[in-house]
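*Asks:* Attaching a predicted model along with its sequence, questions to come.
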Amino acid sequence: MFIAPAIVYRPNVAAILQRENGDIFVAERISVPGAWQFPQGGIDEGEDAETALFRELAEEIGIKREQLTVIERRDGYRYAFPKKRLKYGIYAGQEQSYFLCRFSGQDTDFNLDATHREFAGFKWIKPSEFQMAWLPKFKQAVYRQVLLDFFGVELT
């Protein structure tokens, strides 16, 4: 009897930055023009999810911990990479913890060149303005669920 190996998911965090007016932050991937997403990244060995969140935000968009207040956290969002691709030779997907964070800074506080540039630019949108077409198909179900869970927004 053949038993398929279990999928190993990489622990990951994702951040939804929100202004007081309800707008949320999305950033355009530098490698894929027109692909907008929330900042995200892996949890390193020995890190907890919240530590990884603040490290990733500092690395990717130059935002400091003092500019953020965690409002809500939800765990257990998963997606598999397409075409049996493996990240780091072991991970076939990602399991994400999403954090909704109130952003208290200004647009001038963002530094997309903080460490290594991943994003070409950013913008603020209403949650209902998010477009599934911005994402690769393998991430769409997670984003649909996240927008429903955090904002009650149903996107098609």
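*Replies:* In hand now; what should we look at?

*Asks:* Okay, helices next: where are they in the chain?
*Replies:* Using DSSP state H, the helices of the chain run over 49-61, 137-151.

*Asks:* Can you say which of those helices is packed in most?
*Replies:* Sort those by mean neighbour count, taking mean count of other CB atoms under 10 Å, and helix 49-61 sits at the top with a mean of 19. No exception for glycine: its C-beta is placed from N, CA and C like everyone else's.

*Asks:* And the contacts of that one?
*Replies:* Counting contacts by CB atoms under 8 Å, 6 or more residues apart in numbering, the residues outside helix 49-61 that touch it are 11, 13, 15, 27, 39-44, 47, 63-65, 68, 70, 73, 75, 97, 99, 101, 110-112, 114-116, 118-119, 122.

*Asks:* Alpha carbons of it, in PDB - could you do that?
*Replies:* Only the C-alpha atoms of helix 49-61 are listed here, as PDB (Å, rounded to 0.1, in the frame of the first residue of the first chain):
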ATOM      1  CA  ALA A  49       4.700  34.600  15.100                       C
ATOM      2  CA  GLU A  50       4.500  38.100  16.500                       C
ATOM      3  CA  THR A  51       8.300  38.500  16.500                       C
ATOM      4  CA  ALA A  52       8.400  37.300  12.900                       C
ATOM      5  CA  LEU A  53       5.600  39.800  12.000                       C
ATOM      6  CA  PHE A  54       7.500  42.800  13.200                       C
ATOM      7  CA  ARG A  55      10.800  41.600  11.700                       C
ATOM      8  CA  GLU A  56       9.200  41.000   8.300                       C
ATOM      9  CA  LEU A  57       7.500  44.400   8.300                       C
ATOM     10  CA  ALA A  58      10.800  46.100   9.100                       C
ATOM     11  CA  GLU A  59      12.600  44.200   6.400                       C
ATOM     12  CA  GLU A  60      10.000  44.500   3.600                       C
ATOM     13  CA  ILE A  61       8.500  47.900   4.100                       C
END
